[in-house]
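Asks: give me a 3D structure for the following:
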Amino acid sequence: MTQLSAELFGDLLAPHYLVWLLQGFGVTLALSAAVCVAGTVLGLSACCLREAGSPSARWVVSAGTGLIRNTPLLVQLFVWYFAVAALLPLRLTVWLNTPHRLELGVGALHWPTYETVAGSCGLTLYAAAYIAEEGRAGINGVRPGQREAALALGFTPVQAFRHIVLPQALRIAWLPIVGQYLNTIKNTSLTMTIGLAELSYASRQVETETFKTFQAFGLATLLYVGAVAAVEAAGQVLARRHHPAGRRR
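Replies: Numbering: from 1, shown residues only. Here you go, the predicted structure:
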C-alpha cells in the first residue's frame, strides 16, 4: 500500500506542484468570496426592484435575469473576455492587460488582471440573477397577511416591505442562497477557459507537467469538496442559529 501511494502521489508531493495547486485554490477562494458578496448585493437589489420598483424597472430586471439564467455561463464568460474587450477603446484594453501595482510602504497592491475582471463580472451577474430569483421566491413565501397587517398599523408600503416582508423573505431564502454560493465555488472552474489561474487551471498545469491526471485533478477535487462542505456547514449553522426556518428544514 505504501508503494502504491508513493507511485500515485509521489510527484504531487513535490513542493512546487503543491504550491501551484494551493495558489490556484487561493485564487478560487478569493474569487468565490468576491462574487458571492457582489452577487448577493446585486441580486437582492434586483429582487427589490422587481417587487417594489416602477413597471419599467421591473421589466428591465425581469428581462435581464431571464437572459442571464437562460444562457450558458461559459458563453457569458467568453462575451466578457472577448466581446467586451473588443468594444473597449484600444488604450483602455492595453491598460487593463498591463500589470499595475500600488506601493503601500509595507507591501504592494496589485491591480487584478483582465482575466480576473472579466471572470468576476461574468460570475457576479450569473450569481446575481439566481440570487434575485431565490429572493423573489422568499418574498412570495411570506403570507400576504403580514404585509396587510403592517399597512393596517400605519406602515407605508415601502416600510412594510423593508421592515416586515424582506426580513422574513431572507429567512426563507437563506438556504437556497447558500446553495447558489456553492454553485459559485464550482462555477469558478469555468474561468480557466479565459486564462484565469484558479484551481482547475493549476491542476491542468500540474497534469501537463507530470502526466499524473488522477493525482492532479484528484487533489483538486478534494479541495473543491472541502471548500463546498465548509460553506454548506457554515450556512446550516447560521440557519439554525439565526433563522428559525432553518430548524424546520
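
Asks: what ranges do the strands span in the protein?
Replies: 101-103, 108-110 (DSSP state E).

Asks: would you agree Val228 is in contact with Ile185?
Replies: Yes. Using CB atoms under 8 Å, Val228 is in contact with Ile185, at 5.6 Å. Placement of C-beta: from N, CA and C, glycine included.

Asks: neighbour count for these two, which is higher?
Replies: A direct count of neighbours by other CB atoms under 10 Å for Val228 and Ile185 places Ile185 higher, at 22 against 16.

Asks: just checking, what packs against the top helix by length along the chain?
Replies: If you go by DSSP state H, the chain has its longest helix at helix 15-52. With contacts taken as 3 or more CB pairs under 8 Å, 6 or more residues apart in numbering; DSSP states H and E, helix 15-52 sits against helix 55-69, helix 114-140, helix 166-187, helix 199-210, helix 213-242.

Asks: what sits closest to Ile177 if chain neighbours are left out?
Replies: Distance criterion CB to CB, 6 or more residues apart in numbering; nearest residue to Ile177, sequence neighbours excluded, is Glu134 at 5.2 Å.

Asks: if I look at the one you found, how far off is Gly141?
Replies: 11 Å (CB to CB, to the nearest Å).

Asks: same check, this time on Trp95
Replies: As judged by CB to CB, Trp95 and Gly141 stand 46 Å apart.

Asks: so of the helices and strands packed on helix 15-52, which one's packed in deepest?
Replies: The highest average neighbour count among these, using mean count of other CB atoms under 10 Å, belongs to helix 114-140 at a mean of 22.

Asks: show me what that one packs onto, helices and strands only.
Replies: Counting by 3+ CB pairs under 8 Å, 6+ apart, the packing neighbours recorded for helix 114-140 are helix 15-52, helix 55-69, helix 73-78, helix 84-87, helix 90-96, helix 166-187.
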